[in-house]
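J.: starting from these lines, generate the structure:
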Amino acid sequence: MAEKIKKLYGPAFLANAIADIYNQGSALLYTVIRKIHLFNKTGGTVTFRLYIGATGGAVAGTELYFDYPITANAEFNVYGALRLNSTDFLTGFANTANAIIITIEGDLNAV
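T.: Below is the predicted model:
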């Protein structure tokens, strides 16, 4: 049975080089990401990339978003039900350091 929606990650800056953003390592659970909130706190447009795959992964064909722009002082929200198993990593980066803040909400479920 699903637990209550909770903050899984952040708020934190996206790095400006590929980095792991989220993974829960228990083989007894899987994550359902319900919302990804991204906010550009700078005065210019910044792009970001998100991937699902291996740790530190940025492999072609695993992109959720690729060079997606967020304009100055704007936000972008993704809603849905994205399942991640214990071996899946959400990775990504922004093209500018200290620009995009990411927060992830969802729930954890027993396998």
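
J.: just list what the helix or strand harbouring residue 33 packs against, helices and strands only.
T.: Residue 33 is part of strand 29-40 when elements are defined by DSSP states H and E. On a contact count with 3 or more CB pairs under 8 Å, 6 or more residues apart in numbering; DSSP states H and E, strand 29-40 meets strand 6-13, strand 46-53, strand 63-70, strand 75-84, strand 100-110. Backbone N, C-alpha and C define where each C-beta goes, glycine included.

J.: residue 32 is in contact with residue 105, isn't it?
T.: No. Counting by CB atoms under 8 Å, residue 32 sits too far from residue 105 to count as a contact (10.1 Å).

J.: let's see the pLDDT reported for residue 56.
T.: You'll see residue 56 listed with a pLDDT of 88.

J.: repeat for residue 2
T.: Looking at residue 2, its pLDDT reads 52.

J.: quick check: the residue nearest to residue 15 when sequence neighbours are not counted vs residue 4, distance?
T.: Closest residue to residue 15 in three dimensions, ignoring its sequence neighbours and counting by CB to CB, 6 or more residues apart in numbering: residue 93, at 5.2 Å. Distance, residue 93 to residue 4, by CB to CB, to the nearest Å: 30 Å.

J.: please say which of these two ends up with more neighbours.
T.: Taking other CB atoms under 10 Å, residue 93 and residue 4 do not tie; residue 93 has more neighbours (20 against 6).
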